[in-house]
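Novice: sequence and computational prediction follow.
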Amino acid sequence: MRNWLSKSGLNLLFTLLVLSLIYVALFPDVISNFSLTAPNMDKIQTFKTMLISIVLEALPYILIGVFVSSLIQLYVSEKWIARFCPKNPILGIVFACTLGIIFPICECGMIPVVRRLMMMGMPLYIGVVFILVGPIVNPVVYASTYQAFRLQPEILYSRMGLALIVGFIIGLLIYKFVSGNPLKHTEIPPISSGSDASHQHAKNKFLIMMDHAAKEFFDVGKYLIIGSILTAAIQAFIPRDFLVQIGQGEIGSHLFMMGFAFILSICSTSDAFVASSFLQTFSASSIVSFLVFGPMVDFKSTLMLLSVFNRRFVVQLVVLIGMAVLFLSIMLGQMIS
C-alpha cells in the first residue's frame, strides 16, 4: 500500500508539473502578478524558456523509447537472448554491446530485464556490460544525441566510443576478478506487464502495449521534469561566472558534471538536451563525462542495482565506473583540446 501511494504521489506530482508548465507557457504574465518582492523577471523568463525548450525537445524521444521498450516486452523472448550468449569473454562483451544497439531499452527498464536474463543463465559480466552500455549506444539515444549536438558531432562520437571503452574495461574486470553470484535472488520471477499473466493472453496486445508504455512514460517522465527544472534553475539563477569558474577546472568540471548527472537521474533518451545547455560553460570532454556516467550510474539506477545485487558489488561497480569515466574523459579532453 505504501509503495502504491508513493508511485501515485509521484505520478500526480508529474501531472501537476506538466499542467503548470503548459499554463505558464500559455499565460506568461501570471508570474508577475505574484511578484511580492520584485524578483528579477529576466531570470524567471530565462528559467521558463529553458525549461520549456528542454522538455519539448526531449519529449518525442521519451515517447519513442517507451513504445519500443513496450514492443520488446511483448515480442522478444529473453530465453532466446540467453541461449546465444558466447562463452569467450571478448565475444561476450561484444555481444552485450550489440544487444544494446539492437534492443533500445533505456536504463529505466534495463536492470529488471538483465536480472531475468542472468537468472536464465546469462553470465554476470555480459549482463553488467549490457546494463552499462545498452542505454547509451541504442539507436534512440544516438538519434537524440545527434539532434542535441548537430553542430558538435565529436561529442556524439565521443559519447558512443567512451561508453564502449568503459563497458569493455568493466566487463573484463568483472570476468577476471569477480567470483560467485552477487544476485540477491536466484529464482526466476514471472514475466508480467503489470497484471496477472493469465489475464494478459485474454487482452488485446495493443492495449497491453499502450498500458505498459503509459506506465513507463510516467516512470521516466517525472525524472525528466524534475531534472529539467533543476537544470533550468541552475542555468537561470546561479551566476554565470561561478559556473564558468567550475567549468574551467580540468578535474573539477568533470566531477561536477558527473555528480550533476548522478543527482538528476535523467533518462538517456533525453539527457543530451540537458547537457547541450552547458555547451557555453563547460568543456566538451566534461559534457561527455556527463553523458556517459549518468546513464551508467545515477541515483535511481543505484537504488535499482541495490535491489538486485549485494551492496558490496554495487559499491565496487560504482567506484570502478566513476574512476574509468573520469580518467578516460580527462584523456579525451587532452586529445581534443
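Specialist: The structure has been received and is ready for your questions.
Novice: so how far is Ser285 from Glu154?
Specialist: Distance, Glu154 to Ser285, by Cβ to Cβ, to the nearest Å: 10 Å. Just so you know, the C-beta spots here come from the backbone N, C-alpha and C atoms, and that holds for glycine as well.
Novice: ok, now Leu124?
Specialist: Per Cβ to Cβ, Leu124 is found 31 Å from Ser285.
Novice: mind checking which of those two has more residues around it?
Specialist: Legend: neighbour count by other Cβ atoms under 10 Å for Leu124 and Ser285, higher for Ser285 (24 against 20).
Novice: without its sequence neighbours, what residue ends up closest to the more buried one?
Specialist: In this structure, Ser285 finds its nearest non-sequential neighbour in Gly333, 3.2 Å apart by Cβ to Cβ, 6 or more residues apart in numbering.
Novice: what sits against Ala233?
Specialist: Ala233 is in contact with Phe47, counting by Cβ atoms under 8 Å, 6 or more residues apart in numbering.
Novice: quick one: it from Lys43, how far?
Specialist: Distance from Ala233 to Lys43, by Cβ to Cβ: 10 Å.
Novice: returning to what we had before: any residues in contact with both of Glu154 and Ser285?
Specialist: Ile336.
Novice: ok so, going back, and the residue nearest to Ser285, what element?
Specialist: Element membership of Gly333, judged by DSSP states H and E, is helix 311-336.
Novice: what is the mean pLDDT for that helix?
Specialist: Mean pLDDT, helix 311-336: 92.
Novice: what about Phe218, how many residues nearby?
Specialist: 16.
Novice: what mean pLDDT does the helix or strand harbouring it have?
Specialist: In the assignment (DSSP H and E), Phe218 maps to helix 205-237. Mean per-residue pLDDT for helix 205-237: 74.
Novice: before we move on, back to that, packing partners of the helix holding Gly333?
Specialist: Taking 3 or more Cβ pairs under 8 Å, 6 or more residues apart in numbering; DSSP states H and E as contact, the helices and strands that helix 311-336 lies on are helix 153-177, helix 252-264, helix 284-296, helix 299-308.
Novice: from those helices, which stretch is densest packed?
Specialist: helix 284-296 (a mean of 28; mean count of other Cβ atoms under 10 Å).
Novice: packing partners for that helix?
Specialist: For helix 284-296, the packing partners by 3+ Cβ pairs under 8 Å, 6+ apart come out as helix 124-137, helix 153-177, helix 252-264, helix 271-276, helix 311-336.
Novice: pLDDT of that helix, averaged?
Specialist: The model assigns helix 284-296 a mean pLDDT of 94.
Novice: so that helix versus helix 311-336, what angle?
Specialist: 160 degrees (axes from the mean of the first three to the mean of the last three Cα atoms, to 10 degrees).
Novice: got the angle between the helix holding Phe218 and helix 299-308?
Specialist: Between helix 205-237 and helix 299-308, the angle comes out at 130 degrees (the same axes, to 10 degrees).
Novice: now helix 205-237, how far from the chain's geometric center?
Specialist: Relative to the centre of its chain, helix 205-237 is centred 11 Å away, using Cα atoms, centre = their mean, to the nearest Å.
Novice: please begin residue numbering at 18 from this point
Specialist: Renumbered: residue one is now 18, and that last one reads helix 222-254.
Novice: hey, C-alpha coordinates of the helix or strand hosting Met127 in CSV?
Specialist: Element membership of Met127 [criterion: DSSP H and E] is helix 124-136. Written as CSV, here are the backbone C-alpha positions of helix 124-136 (Å, rounded to 0.1, in the frame of the first residue of the first chain):
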residue,chain,number,x,y,z
GLU,A,124,18.3,2.3,-18.3
CYS,A,125,15.0,2.7,-16.5
GLY,A,126,13.9,-0.7,-17.8
MET,A,127,17.3,-2.3,-18.3
ILE,A,128,18.1,-3.7,-14.9
PRO,A,129,14.9,-5.8,-14.4
VAL,A,130,15.4,-7.3,-17.9
VAL,A,131,19.0,-8.2,-17.3
ARG,A,132,18.2,-9.6,-13.9
ARG,A,133,15.8,-12.0,-15.5
LEU,A,134,18.4,-12.9,-18.2
MET,A,135,21.0,-13.6,-15.6
MET,A,136,18.6,-15.9,-13.8
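Novice: who does that helix touch, helix- and strand-wise?
Specialist: Partner elements for helix 124-136 (3+ Cβ pairs under 8 Å, 6+ apart): helix 95-100, helix 141-154, helix 222-254, helix 316-325.
Novice: in a markdown table: these, plus distance to Phe307.
Specialist: Shown next, in a markdown table, are the helices and strands packed on helix 124-136 (distance: least, Cβ to Cβ, whole Å):
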| stretch | distance to Phe307 |
| --- | --- |
| helix 95-100 | 30 |
| helix 141-154 | 12 |
| helix 222-254 | 11 |
| helix 316-325 | 14 |
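Novice: which of those sits closest to Ile280?
Specialist: Smallest distance to Ile280 across those (Cβ to Cβ): 6.2 Å, for helix 316-325.
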